[in-house]
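1. following is a predicted model, sequence given first.
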Amino acid sequence: MVRLLYFLAYSLFFIFALLFFVPKVSLYHYAEKELQKQKLVFSNEEAIDRPFALTLRDIDVSYDSIESAKVENAEIELFVFFNHIGIENIELSDMAASFLPLKIENLDIKYTLLNPLKVFATSKGEFGEASATVNILDKNVSVLLVPSDLMKKKYSKTLRNLKKNAEGGYEYAKTF
């Protein structure tokens, strides 16, 4: 029994030491190169390596050479059993102004090994509040949007493309 406790203690210590000392900025740059293959480019960002997280500031996001968004702050926390990406103050490109409001206050993305086939996301912004689930196995995305008054008044054409549910929210489902 004592050996088992020592084994568990050393294993936990090893995992926490690995998370603490892993070169998170280098891993980020590798991920950035892989995303460039998908035409998604992050630029002008400042990467700050913290003990158990990576902080990115002032990110310009481009897709297929089109400037798409500016992000003020992103925090990436990668733990073995629970991973979290928190993004704050997103401003979308002016090209999206005819479809939806441009400011997003926050976006939280969570993934856990307890539910390994799903990724969960929640967001709040001028558009209202949204929650999304990505099912990796079934390859589908489902989004529930609770629109703000601004979204209902100025962007009613966008809401018409979504399915209204009984609670007054709007649903979107897509297979990829």
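-> Cool, got the structure.

2. report the beta-bridge partners for Leu54.
-> Counting by DSSP bridges, Leu54 is bridged to Asp49, Ile76.

3. who's in contact with it?
-> Going by CB atoms under 8 Å, 6 or more residues apart in numbering, Leu54 touches 24-25, 27-28, 47-48, 75-76, 78. From N, CA and C alone the C-beta is placed, and that goes for glycine too.

4. buried among these? Make that a PyMOL selection.
-> The buried residues among the contacts of Leu54 can be selected in PyMOL (16 or more other CB atoms under 10 Å) with this line:
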select buried, resi 24+28+47+75+76+78
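
5. close enough to count as contact, Phe127 and Asp149?
-> No: Phe127 lies out of contact with Asp149 (CB atoms under 8 Å); the separation is 10.7 Å.

6. which of those two has more residues huddled nearby?
-> Phe127 (22 against 8; other CB atoms under 10 Å).

7. what separation do you get for the more buried one and Lys152?
-> 10 Å (CB to CB, to the nearest Å).

8. what ranges does this structure have for its helices?
-> 2-21, 24-36, 149-154, 156-160 (DSSP state H).

9. closest one to Phe52 among these?
-> helix 2-21 (5.8 Å; CB to CB).

10. for the residue nearest the centre of the chain, which non-adjacent residue is closest in space?
-> Central residue of the chain (CA atoms, centre = their mean): Ile109, 4.1 Å from the mean position. Take Ile109 and drop its neighbours on the chain: the residue closest to it by CB to CB, 6 or more residues apart in numbering is Ile85, 4.3 Å away.
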